[in-house]
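quick one, fold the following:
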Amino acid sequence: MNGPDPVGRSFDCVLIGGRVRRWCPVSRTMMSRAVTVARTAMAATSGMPRSGLEESHFGREEWQNVDSRPSRRNQRIQHEEYQQGGDSYEQSQWSRKEDEENNNDGWETVGQKPPRRQHKVQKDNWNGYKRPASEQEYSDEVDVGSSVEPTEEELGDLSQACNKLWELDTNRLVPGKDYEIDCGEGKKVFHKEDMAGGSLFSWVNEDVFRKPTFARFCSLLDNYNPNAGCKEVVTSEEKQEQAAFIEEISRTAPIKYLHKYLISKGIVSNKFQDFKRTLTRLWFDLYGRGGTSCSSSAFEHVFVGEVKQRDEQEISGFHNWLQFYLEEAKGRVDYQGYIFPRRRGQTPDSETQLLTIQFEWNGILKSVSSTLVGVSPEFEVALYTLCFYVGGEDNYVQLGPYTVNIKCYRLGDNIGSVFPVSEC
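The predicted structure is shown next:
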């Protein structure tokens, strides 16, 4: 649709990608609201006629609709390849359409999200994790004494055991000190409009990625092809990363408690080396998903996320906050807002560590996803492993201040999916 701007200048107004854009053929630039307001003021002071301001069919109500809702951030998604042995997987389908990302011939999106702050992630030591696990250096064993011995009450009550894991998570981050989030506005699951004014994470302290278990966890995240129908090829270096990660978290209190608990239940061997092999198999062994053998694992699905190739692509898994933060920092995740809690008055804020959210991953919508924010990798591995071996599909537990249902789905002897659901 065409018409004059508030100072009588001709412009074109078209709909591209669900967004209204205004084009000035004279200057070959986008006429933003700020520009037109400024020019209107100039017209008033200079005596220039304000033709078309009141008479324009592009009235006040329509004007507000153009700029009232922030549009998707204007981000560039680079074509990247996931190297798996000698094969490569080009993520061309992951890239947003260029006519929606870039400013071509002077076009611009009206009402963009604010530009992202640059985030630094320390990766200097990640290459060292690819060395043989037996040659790597690890943190000292945590001296926990009797605190990792489960009580009779905890052995008889899964909720108490999970809450004990929460207490033992000394690596859990502190909101406002180690990171900051901005939850934005809320929405219902079926609402598709973007209710977030910007990113979920405002910042994360760089020292977080120097924590041994955090650093080793993050180094594993790029080992996977997100296409659920694509067969995974695990290199020898990636196997060393897996073994080193299990070795590192096995030195922490949550994993030591998990081991003691499962021994008491007669589920695992009391030999710690055997237990570590059990963890490695449970989380990293490949299995079939979506009709393709060796295409998935518990670690990939739960923590990294996968894309199902159905009539419409959809995201499955992807329940880890570190993966979310790193992908958001790279511009691949677009946070859309939080999902309204079941109970009124329980609105999430910057202190909340259990979130139910909606987001897009490389342009593909995840309509609802839940995640524990700021918890350590060892805590999540211990929590989900405990629920898999001791619990059922629904596990209603207490985690500090949060009442949670840990949903656990099995694929034979494997973890199909496991994630938290807020009961508040």
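
quick one: buried residues of stretch 135-150?
For stretch 135-150, a neighbour-count test (16 or more other C-beta atoms under 10 Å) marks 136, 142, 148, 150 as buried. Heads up, the C-betas are built off the backbone N, CA and C, glycines and all.

likewise for stretch 253-269?
Going by neighbour count (16+ other C-beta under 10 Å), the buried part of stretch 253-269 is 253, 254, 255, 256, 257, 258, 259, 261, 262, 268.

hmm, who's touching that stretch?
Contacts to stretch 253-269, defined as C-beta atoms under 8 Å, 6 or more residues apart in numbering, come from residues 142, 144, 147-150, 154-155, 161, 164-165, 168-170, 249-250, 270, 272, 274-275, 278-279, 376, 378-379, 381-383, 385-386, 389-390.

would you mind listing which of those are buried?
So, by 16+ other C-beta under 10 Å, the buried ones in the contacts of stretch 253-269 are 142, 148, 150, 154, 161, 164-165, 168-169, 249-250, 275, 278-279, 376, 378-379, 381-383, 385-386, 389-390.

what's the domain layout of this structure?
Listed domain ranges for the chain are 2-68, 122-422 (source: automatic domain parsing).

just to revisit the earlier point, adding pLDDT and secondary structure, write the buried residues of stretch 135-150 out as a markdown table.
Shown next, in a markdown table, are the buried residues of stretch 135-150 (pLDDT from 0 to 100; DSSP: H, G, I helix; E, B strand; the rest coil):
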| residue | pLDDT | secondary structure |
| --- | --- | --- |
| 136 | 83 | coil |
| 142 | 74 | coil |
| 148 | 93 | helix |
| 150 | 97 | coil |
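
quick revisit: buried deepest among the domains of the chain, which one?
domain 122-422 (a mean of 18; mean count of other C-beta atoms under 10 Å).

would you mind confirming that residue 326 is in contact with residue 123?
No - using C-beta atoms under 8 Å, residue 326 is not in contact with residue 123; the gap is 10.5 Å.

hang on, the earlier thing: in a markdown table: the buried residues of stretch 253-269, plus secondary structure.
Formatted as a markdown table, the buried residues of stretch 253-269 follow (DSSP: H, G, I helix; E, B strand; the rest coil):
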| residue | secondary structure |
| --- | --- |
| 253 | helix |
| 254 | helix |
| 255 | helix |
| 256 | helix |
| 257 | helix |
| 258 | helix |
| 259 | helix |
| 261 | helix |
| 262 | helix |
| 268 | coil |
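
for the residues you listed, which one is nearest residue 185?
Closest approach between the buried residues of stretch 253-269 and residue 185, by C-beta to C-beta: residue 254, at 34.3 Å.

surely residue 423 and residue 403 touch.
Yes - between residue 423 and residue 403 there is a contact under C-beta under 8 Å: 4.3 Å.

how close does the closest residue in space to residue 136 that isn't next to it in sequence sit to residue 371?
If the residues on either side of it in the chain are set aside, residue 136 comes closest to residue 244, at 5.3 Å by C-beta to C-beta, 6 or more residues apart in numbering. Distance of residue 244 to residue 371, given as C-beta to C-beta, to the nearest Å: 25 Å.

mean confidence for the one helix or strand residue 281 maps to?
In the assignment (DSSP states H and E), residue 281 maps to helix 272-284. Throughout helix 272-284, pLDDT has a mean value of 98.
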